[in-house]
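S.K.: no FASTA, just this:
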């Protein structure tokens, strides 16, 4: 399996793209298996897209702390 990091980070904000690129490089230097790196990076890219999406504030209702 040979993942295409460029395809994975396409459309992400530049800070996230840089973070995932650096993380991939770090995992490669520690000899993480290709499949592990792929799964970690896919999950992180999903989180990045979720956090970067526009919101109208309704998502925060579930996290509101009430006294």
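M.R.: Right, received. Where do you want to start? As the structure is a computational prediction, the values presented were derived from the model and not from experiment.
S.K.: break down the protein into its helices, ranges please.
M.R.: 5-9, 14-29, 34-52 (DSSP state H).
S.K.: can I get those in TSV including mean neighbour count?
M.R.: The C-beta positions use only the backbone N, C-alpha and C, and glycine is treated the same way. Shown next, in TSV, are the helices of the chain (neighbours: other C-beta atoms under 10 Å):
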stretch	mean neighbour count
helix 5-9	15
helix 14-29	14
helix 34-52	14
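S.K.: wait, residue 49 sits on residue 12?
M.R.: Yes: between residue 49 and residue 12 there is a contact under C-beta atoms under 8 Å: 6.9 Å.
S.K.: give the closest residue to residue 40 in space, chain neighbours not counted.
M.R.: residue 27 (7.0 Å; C-beta to C-beta, 6 or more residues apart in numbering).
S.K.: next, the contact list for the one you found, please.
M.R.: 36, 37, 40 (C-beta atoms under 8 Å, 6 or more residues apart in numbering).
S.K.: any idea how far the last one is from residue 3?
M.R.: Note on residue 40: its distance to residue 3, by C-beta to C-beta, to the nearest Å, is 11 Å.
S.K.: how about residue 36, nearest residue that isn't a chain neighbour?
M.R.: residue 27 (7.4 Å).
S.K.: so what pLDDT did that neighbour get?
M.R.: Note for residue 27: predicted pLDDT of 96.
S.K.: one more: the one 3 residues further on?
M.R.: At residue 30, the predicted lDDT confidence score is 97.
S.K.: repeat for the one 4 residues further on
M.R.: On pLDDT, residue 34 comes in at 93.
S.K.: can I assume it is in contact with residue 24?
M.R.: No: if you go by C-beta under 8 Å, residue 34 and residue 24 don't touch, sitting 10.6 Å apart.
S.K.: measure the nearest residue to residue 48 once chain neighbours are set aside to residue 31 for me?
M.R.: Take residue 48 and drop its neighbours on the chain: the residue closest to it by C-beta to C-beta, 6+ apart is residue 16, 4.0 Å away. According to C-beta to C-beta, residue 16 stands 25 Å off from residue 31.
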